[in-house]
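Enquirer: next come a sequence and a model predicted from it.
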Amino acid sequence: MSDDSTSGPLLELRGIQLEAAAGGAEEAIRAAGQLLVDIDAVDPSYVDAMLEREQSVSTVMGEGVAIPHGTNESKGFVRRNALSFTRFPDGVDWNGKPVTIAIGIAAQGNDHVGILSKLAMILVDLEKAERLRNTIDPQQVLELLTPDEGDDDE
């Protein structure tokens, strides 16, 4: 998945962790947020804003996927648009819902709306969602979350 408003791809290999474990939603959000910090997409304060967002609105999309992201007030902590991909092979009890994938989102301005829309289009494909839940290959994650050329013809 690439993004025209940044100088690089939204998702990169170093933003992918396939063998994570978490004791609950808070730990899982911290793991997804830390990847965004590690790739220099956000200031560390953004992770707290991701936790704050989760307290007001659940970011679980269903099909074992959550999309944690910060609050509107945390936009100043975002250095560039980016995604992180964290897979929890043993699953996480995300406030009563089972989650195996957390896709962290960092977005400037209102860019999160387009990013969420693109993610939803990918994740509505049950075959792709299943492959994302089960992959052990970070390159496959990149391929599944990167739209084919021509998919952006909207």
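Expert: Received the coordinates, thanks. Numbering: from 1, shown residues only.

Enquirer: run through the residues that contact the residue sitting nearest the centre point of the chain.
Expert: In the chain, the residue lying closest to the centroid (Cα atoms, centre = their mean) is residue 103, at 1.8 Å. When contacts are counted by Cβ atoms under 8 Å, 6 or more residues apart in numbering, residue 103 touches 32, 65, 66, 67, 68, 83, 84, 85, 86, 119, 145. To be clear about C-beta, it is placed using only N, CA and C from the backbone, and glycine gets the same treatment.

Enquirer: any of those residues buried? List them.
Expert: Neighbour counting with 16 or more other Cβ atoms under 10 Å marks 32, 65, 66, 67, 68, 83, 84, 85, 86, 119, 145 as buried within the contacts of residue 103.

Enquirer: give the other helices and strands that the lowest-mean-pLDDT helix or strand in the chain contacts.
Expert: Using mean pLDDT, DSSP states H and E, helix 111-123 stands out as the lowest-scoring helix or strand of the chain, at a mean of 82. Using 3 or more Cβ pairs under 8 Å, 6 or more residues apart in numbering; DSSP states H and E, the elements in contact with helix 111-123 are strand 97-106, helix 126-134, helix 138-145.

Enquirer: buried stuff in that helix?
Expert: Result for helix 111-123 [16+ other Cβ under 10 Å]: buried residues 111, 112, 115, 116, 118, 119, 122, 123.

Enquirer: which ones are touching residue 92?
Expert: Residue 92 touches 22, 23, 24, 25, 27, 28, 98, 99, 100, 102, counting by Cβ under 8 Å, 6+ apart.

Enquirer: can you list those residues in TSV and add distance to residue 38 and pLDDT?
Expert: What follows is those, written out as TSV (distance: Cβ to Cβ, whole Å; pLDDT from 0 to 100):
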residue	distance to residue 38	pLDDT
22	16	97
23	21	96
24	21	97
25	20	97
27	16	97
28	16	98
98	26	95
99	21	95
100	21	95
102	15	96
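
Enquirer: ok, so of those, who is nearest residue 56?
Expert: residue 25 (13.2 Å; Cβ to Cβ).
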